[in-house]
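>>> next come a sequence and a model predicted from it.
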There are 2 protein chains.
Amino acid sequence: MIKPMNAKAPQQKSSPKMAKTAISPTRAENYNEWYQKIVRAADIAELSGVRGCQILKAWGYGTWEQMQRDLDRRFKETGHENYYFPLFIPLSYFEREAEHVDGFAKEMAVVTHHRLVKKDGKLVPDGELEEPLIIRPTSETIIGESMAKWIQSYRDLPLLLNQWANVVRWEMRPRILLRTAEFLWQEGHTAHETFDEAMVETKKMLEVYAAFCEEYLAIPVIKGEKIAAERFPGAVNTLCIEAMMQDGRALQAGTSHYLGHSFAKACNIQFQSRTGSLDYVQTTSWGASTRLLGALVMTHGDDNGMKMPPRIAPYQIVIIPILRDDSAKAEIMAYCEQLKADLLCETLDGQPVRVKIDAHDIQSSEKRWDWIKKGAPLILEIGQKDMDAGKVCVTRRDKLEDGKRFEERASFIGNVGLELAAIQQALYDAAAAFREARTVRDIKDWAAFDAYFSKDENSSFEGGQGFIRAKWCGDDTSLAKLDVLGVTVRCIPFDQDGKEGTCVLTGKPATMDVIFARAY
Amino acid sequence: MIKPMNAKAPQQKSSPKMAKTAISPTRAENYNEWYQKIVRAADIAELSGVRGCQILKAWGYGTWEQMQRDLDRRFKETGHENYYFPLFIPLSYFEREAEHVDGFAKEMAVVTHHRLVKKDGKLVPDGELEEPLIIRPTSETIIGESMAKWIQSYRDLPLLLNQWANVVRWEMRPRILLRTAEFLWQEGHTAHETFDEAMVETKKMLEVYAAFCEEYLAIPVIKGEKIAAERFPGAVNTLCIEAMMQDGRALQAGTSHYLGHSFAKACNIQFQSRTGSLDYVQTTSWGASTRLLGALVMTHGDDNGMKMPPRIAPYQIVIIPILRDDSAKAEIMAYCEQLKADLLCETLDGQPVRVKIDAHDIQSSEKRWDWIKKGAPLILEIGQKDMDAGKVCVTRRDKLEDGKRFEERASFIGNVGLELAAIQQALYDAAAAFREARTVRDIKDWAAFDAYFSKDENSSFEGGQGFIRAKWCGDDTSLAKLDVLGVTVRCIPFDQDGKEGTCVLTGKPATMDVIFARAY
């Protein structure tokens, strides 16, 4: 293992290239490789032997469980109920919505047989299906089929449902957590009487995602609307939240779609209205996925590993007993057990804090670095001396440069809820400051725009590109010149200044502000 | 809607054929049809348009969520961590374990293509995969692949993991909740240094399932071991819990497999032992699925619908405001909201009780019957008179024959935790009494055995067959005569009397007790 330099050296923070760090290469040396390394070192996930698929490991899946718990609470508080629909979509269902099928047909897993038989000593597919089945890339069409059966009258509306599921989109260039053939997500699907109600729902769920990202993941997001070219296939309007990663690229962290009558017509979802007429429902759908784990890493990771925001960390406090001397082992373990029991009485947001004792049979210094890499917010080491003095030795992950702190046991316990809240806030503030520093608002013409995004991409972590917030005229044909730069319009932010200006792409008059960036 | 007869009539309980009931046909009239009807009427699940697949609806999925929460707590308390592995298993992985592939190859979904293209105006599969992918029917082989990478030394053992996932087993004769092409489950997979440790784990997890079924689902189970012919493909030993349904058939409610070296050798999972030798690990696997929802229905349902055990009910108390008079609506709703708030301060097992106000815009009497059919343990109706008198009108689902009860609001709230616990116990006791009454212990020879299982199957609910507990000599060839009766050996129960007796199939001497039954 690479032993990081003693963390007291102040230059470690400002010049990662000079310090030995737990993750090599550093963000500045090679951002993409750093990302692969940290996902592995933090034991969040790994690519599997199955092409394009990943394995979520205990620390990664545990984080996803925390995300699920908080999102699920928010969905239920806004009146949604969980259902579960089939994994398989018959090809004919999928064909019903033309834009939808065009958008997804290129990247789907197709089931064509339902058994294997031995032929010449080799197992081969057998029992060909009459109609091929698609593994759901998203479930609008199959859920629409049920909605059509379940909805008869306005009394059956709104229908507000959600499912937690796996989906498959064949990916030619997989990237762990961010783009894999199979991933886990939730997809909300709702049906409404009126346009107004459906739009209220679409916006409400975007707000749910935004609040979750900012409050729980400590990731600041920009709320906005996608331009037509970037909409979900079949959507009339797609709302999104966009976050900035540490290489300045954007990552779409959640989407909420107003689907209008697209799927209602495709699936024939009609209802008898209050006036007796037979109308199509208005539908919405919205989703967030395990790619949020990738967003967490790219937002909060540093050159020593992950920093997990306390609200989402599977364990917020890890206790490492230092068991050098056999005679004191039992006593130290008992001290740690009592410490854990006392900590479990403390709370963050009214929930008991989550504590783990790591008594795994390896060197305690190695364990400390394992938990630093995983990003446990608070790491306690307890040896004979600490026990005798009634103290705890604390490493605060977000202030690693401060080194270890020795504190009275009682005082640490009494403040632990506040300290966890402070760490949560510090992570958010750092991410918000980073985004602010890398958002450019004074680029007004194409020459400056082109120059900004043409800078050497290798310097993407330190001083690299970020977001350009500028005016755009709304002409889709003007977007072609972005292709060579690999830049897209991320969103039309909800907060608009409404002022007249000049389109940064065409020089024409424009009032609309948009966010331009490279994206994951 | 069929209006059930006034529940005061005492004969409703003993002679379901004479009373009008919410579910038609009754259990006695046609058990299989009753089962389909009740699953639908209780809004638990329905078959989808996708062949052999089902949709779990809010009340069914909500029950599954409660099951997940309790099982997951038990798994974590016994040291397991959740992971997530790929949905797809490459054909070559699957071929590694001979018995395993023989057991599953006949019923698997096979992915052969990764995109669709338009040909003559029709979408057809395209992009054939070099190697077909199997949708996991179970994950021993794919998890074994990871275990082989992750385990190097005895220090990495035990490895205790679990995943919550969907699996697919192609079913030619689907039956809702019990046998569908896709279902949800959890599968635990563990690796150990020694035989002893692996056996302790195998038995421990069976005990976890048994405690969960008895304490949470109120389903009494028989713990035992499968005979060789009934083992999981690849297992050295399969432990199981068997429950009795109301037609006397057995339902396997959970299994725990000791896999020995089967998958360790197939997947090459080796470790350096404490003495330095390179050894194969011992593995186990264990699972429980959404078929438990079917078991719940078949254990606790009656001719008026489902009776959901309080510990597992998505809502334990449903409040129905009676809103006939427009002027009092707001006041009654406020009374109900306050009632709900006060109830939420009460607990069952230290958890706040789960309460729903059903203000859906339909007749309150219809709503009451909807919740009776769903099996909400306690149903409260609140109208003007109840509000004015400070009372609640209570329907206790497990004592429907007692009709409605009017009780002081404060007294109802103060006792609600105890009442829910009493309902839980009553459901368990009724199921245990049913099983006892339908378990036969005095059949000693084939003639009596044959006569018992040859009785008219249509009378399967009332006075039909059940379990025969008898001696068996252990000779597999003797099982052939069971085929015509559709009977199998369900398990060798852990509790054996050890006495010498006569094999009920062969007349030979035998000491082993087994359970014979028809099964789902």
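Good, I have the coordinates.
>>> interface residues of the stretch 301-450 of chain A facing chain B?
For the stretch 301-450 of chain A, the contact set with chain B under Cβ under 8 Å from any Cβ of the partner chain comprises A:His360, A:Asp361, A:Ile362. Where C-beta positions appear, they are placed from N, C-alpha and C, glycine not excepted.
>>> just among those residues, which is most surrounded?
For those, the largest number of neighbours (other Cβ atoms under 10 Å in any protein chain shown) sits with A:His360, at 12 neighbours.
>>> about what we covered before: for B:Ile143, state which of the residues of the stretch 301-450 of chain A next to chain B is nearest.
A:His360 (21.0 Å; Cβ to Cβ).
>>> pretty sure that closest one sits against A:Glu366.
No. At 9.6 Å, A:His360 does not count as touching A:Glu366 under the criterion of Cβ atoms under 8 Å.
>>> is the longest strand anywhere in chain A in proximity to chain B?
Using DSSP state E, we find that the single longest strand of chain A is strand A:122-135. Yes. Counting by Cβ under 8 Å from any Cβ, contacts between strand A:122-135 and chain B involve A:Leu123, A:Pro125, A:Gly127, A:Pro132, A:Leu133, A:Ile134, A:Ile135.
>>> contact partners for the last one?
Think A:Ile135. Residues in contact with A:Ile135 (Cβ atoms under 8 Å, 6 or more residues apart in numbering or on different chains) are A:Leu87, A:Phe88, A:Ile89, A:Met108, A:Ala109, A:Val110, A:Val111, A:Val167, A:Val168, B:Leu87, B:Val111, B:Ile135.
>>> re the thing from before, can you put the residues of strand A:122-135 next to chain B in TSV and add pLDDT?
TSV is the format used below for the residues of strand A:122-135 next to chain B (pLDDT from 0 to 100):
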residue	pLDDT
A:Leu123	90
A:Pro125	95
A:Gly127	95
A:Pro132	96
A:Leu133	97
A:Ile134	96
A:Ile135	97
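>>> from those, which is closest to chain B?
A:Pro125 (4.5 Å; Cβ to the nearest Cβ).
>>> list the beta-bridge partners for the closest one.
Applying DSSP bridges to A:Pro125 gives these bridge partners: A:Leu116.
>>> now do stretch A:53-64: distance to the chain's middle.
13 Å (Cα atoms, centre = their mean, to the nearest Å).
>>> how about stretch A:358-371?
Distance, centroid of stretch A:358-371 to centroid of chain: 28 Å (Cα atoms, centre = their mean).
>>> and it, end to end?
Terminal residues of stretch A:358-371 lie 10 Å apart, using Cα to Cα, to the nearest Å.
>>> can you pull the buried residues of that stretch?
Neighbour counts over stretch A:358-371 (16 or more other Cβ atoms under 10 Å in any protein chain shown) mark A:Asp358, A:Ser364, A:Lys367, A:Arg368, A:Trp369, A:Asp370, A:Trp371 as buried.
>>> tell me the contacts of the last one?
In this case it means A:Trp371. A:Val318, A:Ile320, A:Asp358, A:Ile379.
>>> so it is in which element?
A:Trp371 belongs to helix A:364-374 when assigned by DSSP states H and E.
>>> I'd guessed A:Asp70 sits against A:Tyr216; true?
Yes. At 5.3 Å, A:Asp70 and A:Tyr216 qualify as touching, with contact defined as Cβ under 8 Å.
>>> quick one, which of the two is more surrounded?
Using other Cβ under 10 Å as the criterion, A:Asp70 and A:Tyr216 rank with A:Tyr216 on top: 22 against 17.
>>> re the thing from before, spit out the residues that contact A:Asp70 and A:Tyr216 alike.
A:Arg311, A:Ile312.
>>> hang on, the earlier thing: just name the closest of the residues of the stretch 301-450 of chain A next to chain B to chain B, please.
If you rank these by distance to chain B using Cβ to the nearest Cβ, A:Asp361 comes first, at 5.6 Å.
>>> which residue packs closest to that closest one, ignoring adjacent ones?
Leaving aside its sequence neighbours, A:Asp361 sits nearest to B:Arg155 (Cβ to Cβ, 6 or more residues apart in numbering or on different chains; 5.6 Å).
>>> show me where the stretch 401-520 of chain A has its helices.
A:409-437, A:446-454 (DSSP state H, counting those that start in this stretch).
>>> again, but for chain A
Here chain A has its helices, by DSSP state H, at A:11-14, A:31-41, A:58-77, A:91-94, A:98-104, A:140-150, A:195-215, A:262-267, A:291-300, A:329-343, A:364-374, A:384-389, A:409-437, A:446-454.
>>> so of these, which one's packed in deepest?
helix A:291-300 (a mean of 26; mean count of other Cβ atoms under 10 Å in any protein chain shown).
>>> tell me what that helix is packed against?
With contacts defined as 3 or more Cβ pairs under 8 Å, 6 or more residues apart in numbering or on different chains; DSSP states H and E, helix A:291-300 has these neighbours: helix A:31-41, helix A:58-77, strand A:237-244, strand A:250-260, helix A:409-437.
>>> quick one: mean pLDDT for the second one?
So that's helix A:58-77. Regarding helix A:58-77, the rounded mean pLDDT is 98.
>>> angle of it against helix A:31-41?
Relative orientation of helix A:58-77 and helix A:31-41, computed by axes from the mean of the first three to the mean of the last three Cα atoms, to 10 degrees: 90 degrees.
>>> put the alpha carbons of helix A:58-77 into CSV.
C-alpha atoms of helix A:58-77 as CSV (Å, rounded to 0.1, in the frame of the first residue of the first chain):
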residue,chain,number,x,y,z
ALA,A,58,-21.0,-3.6,0.4
TRP,A,59,-19.9,0.0,0.9
GLY,A,60,-21.4,1.1,-2.5
TYR,A,61,-24.7,-0.8,-2.1
GLY,A,62,-24.9,0.3,1.5
THR,A,63,-24.7,3.9,0.3
TRP,A,64,-27.4,3.1,-2.3
GLU,A,65,-29.6,1.7,0.5
GLN,A,66,-29.3,5.0,2.3
MET,A,67,-30.2,6.9,-0.9
GLN,A,68,-33.2,4.6,-1.4
ARG,A,69,-34.4,5.1,2.1
ASP,A,70,-34.4,8.9,1.9
LEU,A,71,-35.8,9.1,-1.7
ASP,A,72,-38.5,6.5,-0.9
ARG,A,73,-39.6,8.5,2.2
ARG,A,74,-39.8,11.6,0.0
PHE,A,75,-41.9,9.7,-2.7
LYS,A,76,-44.3,8.4,-0.1
GLU,A,77,-44.6,11.8,1.6
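>>> that helix close to chain B?
Yes. Under the criterion of Cβ under 8 Å from any Cβ, helix A:58-77 makes contact with chain B via A:Ala58, A:Tyr61, A:Gly62, A:Trp64, A:Glu65.
>>> relative to the whole chain's centre, how far out is that helix?
Centroid displacement of helix A:58-77 relative to its chain, using Cα atoms, centre = their mean, is 11 Å.
>>> for it, packing partners?
strand A:159-168, strand A:182-192, helix A:195-215, helix A:291-300, strand B:81-82.
>>> and A:Trp286, how many neighbours?
27.
>>> one more: A:Gly498?
A total of 8 residues lie near A:Gly498 under the criterion other Cβ under 10 Å.
>>> what's the spatially closest residue to it that is not a sequence neighbour sitting at in phi/psi?
In space, and not counting its chain neighbours, A:Gly498 is closest to A:Thr511: 6.3 Å by Cβ to Cβ, 6+ apart. The phi and psi values for A:Thr511, taken as degrees, to the nearest 10, are phi -110, psi -20.
>>> quick one: mean pLDDT over stretch A:334-349.
Averaged across stretch A:334-349, the pLDDT comes to 97.
>>> nope, stretch A:214-222 is what I was after
In this model, stretch A:214-222 carries a mean pLDDT of 98.
>>> how long is it end to end?
10 Å.
>>> any idea how far the residue nearest to A:Glu187 when sequence neighbours are not counted lies from A:Thr180?
Residue nearest to A:Glu187 in three dimensions, not counting chain neighbours: A:Gly287, with 4.6 Å by Cβ to Cβ, 6+ apart. Using Cβ to Cβ, to the nearest Å, one obtains 15 Å as the distance from A:Gly287 to A:Thr180.
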